[in-house]
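*Asks:* Starting from these lines, generate the structure:
(one chain, ligands or ions: 1)
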Amino acid sequence: MNKYRVLLLNAANMESFPVYPYAFVQVAAVARRANIEVVCQDLLGIPVADWPETIERLQEQHEPAMFLITLRNTDSMTYGDYQLNSQGTDSGKAYFPIERTKTLINTIRALSKKPIVIGGFGFSILAKELMPILQPDFGVFGGADEFFLYFQDIIQGEYCHVANLLYFQGRRLWPIKDFTSPPQLKLNTPRKPSRI
Ligand code: B12
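*Replies:* This is a model prediction of the structure:
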């Protein structure tokens, strides 16, 4: 029997171009190694007004130890999607996954005291900036391996040693050491070919 069960939610799918969130496959596989069951739910097609009912139902049904959220994209990366035409309307493709994810976090907060954890590519590229905006309990930068390896410690409030975990202590974002920016590459200047 699995020791823990968590919910993994996605509010970042794109109505005009839906994909099955591959994080549902990979995160669940990593969790399985740590004997943790992951129940996945994409909120694509579920109106925001119905999210509270959906979360409540999932919570009752699965009694998760935590709510995990994957943020795959920050936007569509297509400038034209966000531009208004001469009639003042947009292309219909503009979508706002960060804002939707924030709405999801607020919805969960209103219904549960369980920790909320966010990860995913979209989160990781802007981890430091998104932590104060989204205000989850934890952010995971990059892969999910360490998070599940130390899941029990995190549940028990001992998480300083989890390498890629972000969290607030008071108003201070930890860890202080900045691993969320890519390391500066020190490129060696090519040597001049020696004369023969
Ligand atoms: C394959 C791919 C596609 C395929 C998807 C096929 C499919 N069926 O999934 C196609 C071509 C359809 C596609 C479409 C789009 N894509 Co694309 N895609 C990719 C690509 C190459 C890989 C994504 C992937 O599946 N990775 C594997 C998964 C498992 O990785 P992951 O989600 O990051 O999850 C890992 C970790 O982040 C972590 N994790 C994830 N969630 C969580 C949650 C928790 C709690 C924890 C602990 C950990 C965790 O664990 C996972 C395992 O390590 C990336 C670039 C890249 N190299 O990553 C771009 C990328 C994600 N795509 C991007 C974009 C913009 C799009 C589109 C919006 C393009 C468009 N305008 O149509 C659409 C969006 C579609 C949608 N509905 O979301 C951008 C996003 C950038 C941004 N700023 O938002 C990227 C980064 C490419 C780029 N240009 O830079 N895409």
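*Asks:* okay, CA-based contacts and neighbour counts for the rest of this
*Replies:* Will do.
*Asks:* Spell out the secondary structure type for Ala31.
*Replies:* Following DSSP: H, G, I helix; E, B strand; the rest coil, we place Ala31 in the helix state.
*Asks:* In this structure it contacts Val38, no?
*Replies:* Yes - taking Cα atoms under 8 Å as the definition, Ala31 is a contact partner of Val38 at 7.1 Å.
*Asks:* Tell me which stretches of the protein form strands.
*Replies:* 4-10, 36-42, 66-70, 116-119, 138-140, 165-169, 172-174 (DSSP state E).
*Asks:* I'd like the ones you listed as a markdown table, with mean neighbour count appended.
*Replies:* Putting those into a markdown table (neighbours: other Cα atoms under 10 Å) gives the following:
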| stretch | mean neighbour count |
| --- | --- |
| strand 4-10 | 21 |
| strand 36-42 | 19 |
| strand 66-70 | 24 |
| strand 116-119 | 24 |
| strand 138-140 | 23 |
| strand 165-169 | 19 |
| strand 172-174 | 13 |
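*Asks:* With mean pLDDT as extra columns, can I get the ones you listed in a markdown table?
*Replies:* Converted to a markdown table, those look like this (pLDDT from 0 to 100):
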| stretch | mean pLDDT |
| --- | --- |
| strand 4-10 | 98 |
| strand 36-42 | 98 |
| strand 66-70 | 98 |
| strand 116-119 | 98 |
| strand 138-140 | 97 |
| strand 165-169 | 95 |
| strand 172-174 | 90 |
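*Asks:* Which strands or helices does the helix-or-strand element of the chain with minimal mean pLDDT pack on?
*Replies:* Using mean pLDDT, DSSP states H and E, the weakest-scoring helix or strand in the chain turns out to be strand 172-174, at a mean of 90. Where contact means 3 or more Cα pairs under 8 Å, 6 or more residues apart in numbering; DSSP states H and E, strand 172-174 is packed against strand 165-169.
*Asks:* Residues in contact with the strand it packs on: which ones?
*Replies:* Met131, Pro136, Asp137, Phe138, Gly139, Val140, Phe141, Phe147, Tyr159, Leu173, Trp174, Pro175 (Cα atoms under 8 Å, 6 or more residues apart in numbering).
*Asks:* Show the low-confidence segments of this structure, by residue range.
*Replies:* Scanning the chain with the threshold set as pLDDT under 70 gives 1-2, 176-177, 180, 182-196.
*Asks:* hmm, 50 instead?
*Replies:* Along the chain, segments meeting pLDDT under 50 span 1.
*Asks:* Would you tell me which helix is longest in it?
*Replies:* Within the chain, and with DSSP state H defining each element, the longest helix by residue count is helix 97-111.
*Asks:* What's the local residue count around the residue lying closest to Ser91 once chain neighbours are set aside?
*Replies:* Spatial nearest neighbour of Ser91, excluding adjacent residues (Cα to Cα, 6 or more residues apart in numbering): Asp81 at 5.6 Å. If you count neighbours by other Cα atoms under 10 Å, Asp81 ends up with 15.
*Asks:* does Asp81 really touch Asp75, like I thought?
*Replies:* No - Asp81 is beyond contact range of Asp75, at 9.5 Å (criterion: Cα under 8 Å).
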